[in-house]
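A.B. asks: need a structure here:
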Amino acid sequence: MKTTLHTVLCIAVRMGTVLMAVGIIEQAPTIFLYPSQGGSMQVGAMLTAGAGLLAAFALWLWPNLLTWWAISRSQNQILESPISADQLLRVALSIIGVWLFISGLSGCIARLIIILIVARRSAYGDSMLTVSDTEWYWLLEHLTTLLAGGGLALGSRGLVGLLHRIRGYPQFADAENDADTNIAKDG
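C.D. replies: Alright, predicted model coming up:
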């Protein structure tokens, strides 16, 4: 497979902007769950969410805004690497694991902030507010996503080996053995 570093980074930026926009849209209903007096907090939260969506849209259209920092002079550098199917599967599983880990971490942080805001407001006399059971449920779900993502990222090699055994393939060859074999063939 042949590609350029610029193309790879543009794809990564666009994927990140999609995740950013989905995260903002996902958290938007919480703006209306906890109304403030006068609505000033809601207006500020809506403006912040709108600015985030505009930034995501701009980065989707022009990913070069971020990629030029990383590759100012080597834009046309060609990336070519002989990656085996096992190595590509390990990379894909690791990327999914890291994505789940980061998603779970950001969700945990968002839910903890909501829980802390509600707890603080109830401590200062707003007796109508209590932390709902759904907040704890969502926190638990995000924590589970965080742990599953970390396990997948760290255990991708074992998972690929397990898939080999389940499918009945010959002995699993890892990246180190492939690299040693290629060096022996060349030398």
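A.B. asks: and the gap between I71 and V13?
C.D. replies: Between I71 and V13 the computed distance is 12 Å (C-beta to C-beta, to the nearest Å). The C-beta positions use only the backbone N, C-alpha and C, and glycine is treated the same way.
A.B. asks: ok, those two, which is more surrounded?
C.D. replies: Neighbour comparison, I71 and V13: the larger count goes to V13, with 19 against 15 (by other C-beta atoms under 10 Å).
A.B. asks: domains for this protein, by residue range?
C.D. replies: Domains of the chain are assigned by automatic domain parsing as 1-81, 83-171.
A.B. asks: want to throw those into a markdown table with mean pLDDT?
C.D. replies: Output for the domains of the chain, formatted as a markdown table (pLDDT from 0 to 100):
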| stretch | mean pLDDT |
| --- | --- |
| domain 1-81 | 80 |
| domain 83-171 | 82 |
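A.B. asks: for stretch 45-60, which outside residues touch it?
C.D. replies: 13-14, 16-18, 20-21, 24-25, 27-28, 31, 65-66 (C-beta atoms under 8 Å, 6 or more residues apart in numbering).
A.B. asks: just how off-centre is it within its chain?
C.D. replies: 18 Å (C-alpha atoms, centre = their mean, to the nearest Å).
A.B. asks: CA atoms only: put that stretch into CSV for me.
C.D. replies: Output of stretch 45-60 as CSV, limited to C-alpha atoms (Å, rounded to 0.1, in the frame of the first residue of the first chain):
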residue,chain,number,x,y,z
ALA,A,45,-23.6,26.2,26.9
MET,A,46,-25.5,26.4,23.6
LEU,A,47,-23.1,29.0,22.2
THR,A,48,-20.1,26.8,23.3
ALA,A,49,-21.7,23.7,21.7
GLY,A,50,-22.4,25.7,18.5
ALA,A,51,-18.8,27.0,18.3
GLY,A,52,-17.5,23.4,18.8
LEU,A,53,-19.7,22.2,16.0
LEU,A,54,-18.5,25.0,13.7
ALA,A,55,-14.9,24.2,14.5
ALA,A,56,-15.6,20.5,13.7
PHE,A,57,-17.2,21.5,10.4
ALA,A,58,-14.3,23.8,9.5
LEU,A,59,-11.8,21.1,10.3
TRP,A,60,-13.8,18.6,8.2
